[in-house]
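Enquirer: Compute the structure for the input listed below.
(chains A and B)
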There are 2 protein chains.
Amino acid sequence: MTVTDELLANAERYAATFDKGGLPLPPARRIAVVACMDARLNVYGLLGLAEGDAHVIRNAGGVITADQLRSLAISQRLLGTTEIVLIHHTDCGMLTFTDDEFKESIRRDVGVKPSWAAEAFTDLETDVRQSLERIRLDPFIPVKDSVRGFVYDVRTGRLSEVK
Amino acid sequence: MTVTDELLANAERYAATFDKGGLPLPPARRIAVVACMDARLNVYGLLGLAEGDAHVIRNAGGVITADQLRSLAISQRLLGTTEIVLIHHTDCGMLTFTDDEFKESIRRDVGVKPSWAAEAFTDLETDVRQSLERIRLDPFIPVKDSVRGFVYDVRTGRLSEVK
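Expert: All right, here's what the predicted structure looks like:
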């Protein structure tokens, strides 16, 4: 039995008591959250989100790349969100390597390097600011009145805003 | 008071009772989930995940683009995950437009089109299969023994596997 099979059994239990079948497509709270994929960062639990509240966009690092700009443009232009929250976190895997090292290790293994940037970083707050700036510089995201960035502390469960 | 401020108040409450400060960086269940950003899709609730269990990668559509391949390569190569679950869902916003329409509407608004593909789709199961195939064809993701795709029904809370 794989872990996938175990999670599917959990999904059967979720469906058995499901009572949120009437929710509309646009997020009720009109907000999009961009966060790291890290397993310890429970975005719903942390922000007190319920089904229907917010778009949740996640990737390695919570960094802003073309695909997050695409998702945010769709979120705002087609589904009416107007606020953006960005969350990086302490003890992030992206602090443990460099793009050059990682891509060279892939080249040694596979024979070629991927064409993408790995987006590793050395300082959390600097990278939050850079990701916020990538959003601010993007011409296709229309609403930027509330674009705020945070660092989540995986030891304390606490969010700190990056100014 | 913005919605962001309200979510920050929720985050204070989360931190006040936080008791998961000792979790390691690699996901305990060694699995990565890729899902749509849709507000009604509560990945933690649906799959019964707790803090520390799984990488969660999300974007508009739950489609596989370069950034999800990057995140999955980091997840497997640096943080030891070995299974992948992909989740699209019914009533998805990506079913409501075409790339051409959306990009033309942006051009009319901003003056230029974004260089990214919007990744809209017309059939859920076909797009799940395409996203699974993008993972299978990627040379940089090493472990592909368990890569499975599902459609989540937002009316019933039920997951159906796409074979």
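Enquirer: for chain A, what spans make up the strands?
Expert: Ranges of strands within chain A are A:31-36, A:54-59, A:83-89, A:146-153, A:158-162, based on DSSP state E.
Enquirer: for the record, mean pLDDT for the third one?
Expert: Within the predicted structure, the mean pLDDT of strand A:83-89 is 98.
Enquirer: roughly how far apart are A:Asp145 and B:Val3?
Expert: Applying CB to CB, to the nearest Å, the value for A:Asp145 to B:Val3 is 12 Å. Using the backbone N, CA and C atoms, a C-beta is placed for each residue, glycine as well.
Enquirer: more crowded one of the two?
Expert: Remark: of A:Asp145 and B:Val3, B:Val3 carries more neighbours, 20 against 8, as counted by other CB atoms under 10 Å in any protein chain shown.
Enquirer: Contact partners for A:Lys20?
Expert: Going by CB atoms under 8 Å, 6 or more residues apart in numbering or on different chains, A:Lys20 touches A:Glu51, A:Gly52, B:Arg40, B:Gly157.
Enquirer: sorry, back to before: could you export the strands of chain A to CSV, including columns for distance to chain B and mean neighbour count?
Expert: Output for the strands of chain A, formatted as CSV (distance: least, CB to the nearest CB, whole Å; neighbours: other CB atoms under 10 Å in any protein chain shown):
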stretch, distance to chain B, mean neighbour count
strand A:31-36, 5, 27
strand A:54-59, 4, 27
strand A:83-89, 5, 25
strand A:146-153, 5, 20
strand A:158-162, 4, 17
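Enquirer: A:Val112 is nearest to which of those?
Expert: strand A:54-59 (22.3 Å; CB to CB).
Enquirer: Most widely separated two among the contacts of A:Lys20?
Expert: By the measure CB to CB, A:Gly52 and B:Gly157 form the most distant pair in the contacts of A:Lys20, at 12.4 Å.
Enquirer: Between these two, point out the one with more neighbours.
Expert: Neighbour tally, A:Gly52 and B:Gly157, criterion other CB under 10 Å: the higher count belongs to B:Gly157, 23 against 20.
Enquirer: Only the buried residues of stretch A:124-141, if you could.
Expert: A:Leu124, A:Asp127, A:Val128, A:Ser131, A:Leu132, A:Arg134, A:Ile135, A:Asp138, A:Phe140, A:Ile141 (16 or more other CB atoms under 10 Å in any protein chain shown).
Enquirer: rewinding a little: now do the shared contacts for A:Asp145 and B:Val3.
Expert: A:Glu83.
Enquirer: contacting residues around stretch A:148-155?
Expert: With contact meaning CB under 8 Å, 6+ apart, stretch A:148-155 is reached by A:35, A:38, A:40-41, A:46, A:84-91, A:124-125, A:128-129, A:131-132, A:158-162, B:4, B:21-23.
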